[in-house]
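Trainee: The sequence isn't on hand, but the structure is:
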C-alpha cells in the first residue's frame, strides 16, 4: 500500500463541501409540536398527530443518517486509486471504503432533486444505488477523480427514480433517456424562440423524424384523472370521451399496422405505375378509392389500359404471396 501511495493528493473539494452540508443538516433541530388542543377537535388532532409522528420519525431517520455518514473519512486521489484497484480484485473492505467515503457526495447531489416527488431519504437511497454501481464500474487507470465519475451514476439513478415515481406506466430506461433528449431540446428552443416549440421545430433541431418526436413527447405526458373535466367543456369528463368496448384494442391496432407494413413492402416490388394503379384503385397509402376512368385520367392512359395494369399487378402480388407461404 505504501508503494502505491507515494504522495497524498488533497481531498476532493466537492466531497468536503458535501461534508459541511451534511453536518449542517444533522445539527438542524426539528420544529416542536404545537400544543394546546381544543376538546372538540380531538379526532382531527389524532389524525394530525399520526401524520406529524410519521413526519418527525422520517426527519429523525434522515438526521441520524446524515450524522452517521459525517464521520466517514474522505479519500485522497491516491487512496481512491489504491482502494478501487483492490475492489476490482474482490476486496470487500476496499469496496466498502470507497462507498462509505462518498456517501456525502450522494447527499449533496440528492438535495438538488428535492420537492420533485421523493423525500430526501428516498433520493439518497436511490443515489446510493448509483454510487455502488459507480464503484463497480470505475477504472482508476483513466486518471480522473472518482467523484467525477460517480456523479453521473448517482444522477442517473435519482432521475430514473423520480421519473418512475411520477408515472403510472413504467418505461424502459433507454426510452426515458431518449425522452430526456427531446425534452432538453424543447427547453432550449422555448428559451431561444420565446414560445413553446412545435414537434416539427424539435425534430429539425435534432435531425429526427417528426413522428418520432411526437411519439416520444406523447409518452412523457402525465396521467390524468378520468373524472377531470375536459378542457373547454366543463360539463363532460375524460371518462365521457373514452371509447366503448367496440373500439379496436391495442392488439388489433398492432396487427393492422403490421399488415400495412407488409402491404407497403409488397407494393415496393411493383413498378411505379403498377403501384400507383393499385393504391388508387384500392384506397391504399392514404389514397381515396378511384374508378378506372379516374385513375386513367390522372395517369394519362385509357380505362382499358388501367384495367390491364391492375390485372398484371394483382398477378404479381399473388405470386409474391404464394412465395411467402400465404394461401390466395
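Mentor: Received, thanks. This is a predicted model, so every value here is computed, not measured.

Trainee: Show me the shaky parts of the chain.
Mentor: Low-confidence regions of the chain, defined here as pLDDT under 70, cover residues 1-60, 71, 165-171, 173, 176, 191, 194-195, 219-260, 262, 324-328.

Trainee: how about a cut-off of 50?
Mentor: Judged against pLDDT under 50, the low-scoring parts of the chain cover residues 1-13, 22, 26, 29-41, 43-44, 46-56, 222-226.

Trainee: Show me how the record splits it into domains.
Mentor: In terms of domains, the chain is parsed into 13-27+49-165, 173-219, 250-323 (source: automatic domain parsing).

Trainee: Make a markdown table out of these and add mean neighbour count.
Mentor: Using the backbone N, CA and C atoms, a C-beta is placed for each residue, glycine as well. Written out in a markdown table, the entries for the domains of the chain read as follows (neighbours: other C-beta atoms under 10 Å):
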| stretch | mean neighbour count |
| --- | --- |
| domain 13-27+49-165 | 17 |
| domain 173-219 | 15 |
| domain 250-323 | 14 |
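
Trainee: mind listing the helices in the stretch 101-250 of the chain by residue range?
Mentor: Listed in chain order, the helices of the stretch 101-250 of the chain (DSSP state H, counting those that start in this stretch) span 103-111, 120-137, 146-165, 173-193, 199-206, 210-219, 238-241, 250-267.

Trainee: Spit out the contact partners of residue 140.
Mentor: Contact partners of residue 140, counting by C-beta atoms under 8 Å, 6 or more residues apart in numbering, are 80-81, 84-85, 146.

Trainee: what about residue 72, is that helix, strand or coil?
Mentor: State at residue 72, reduced to three classes by DSSP: H, G, I helix; E, B strand; the rest coil: coil.

Trainee: ok, now which ones touch it?
Mentor: Shown in contact with residue 72 (C-beta under 8 Å, 6+ apart): 100-101, 103-104.

Trainee: Could you rerun that using 7 Å?
Mentor: Taking C-beta atoms under 7 Å, 6 or more residues apart in numbering as the definition of contact, the neighbours of residue 72 are 100-101, 103.

Trainee: Ok, residue 80 next?
Mentor: The neighbours of residue 80, taking C-beta under 7 Å, 6+ apart as the test, are 140, 145-146.

Trainee: Helix or strand for it, just tell me which one.
Mentor: Assessed by DSSP states H and E, residue 80 sits inside helix 77-88.

Trainee: What are the contacting residues of the helix or strand immediately after that helix in the chain?
Mentor: Towards the C-terminus, the helix or strand next in line after helix 77-88, according to DSSP H and E, is helix 92-100. With C-beta under 7 Å, 6+ apart as the contact definition, helix 92-100 has outside contacts at 72, 83-84, 86-87, 131-132, 135.

Trainee: how about a cut-off of 8 Å?
Mentor: 69, 72, 75, 80, 82-87, 128, 131-132, 135, 138, 146.

Trainee: one step back: let me have the helices of the stretch 101-250 of the chain in CSV, extended by distance to residue 309.
Mentor: CSV is the format used below for the helices of the stretch 101-250 of the chain (distance: least, C-beta to C-beta, whole Å):
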stretch, distance to residue 309
helix 103-111, 66
helix 120-137, 61
helix 146-165, 53
helix 173-193, 43
helix 199-206, 37
helix 210-219, 32
helix 238-241, 45
helix 250-267, 13
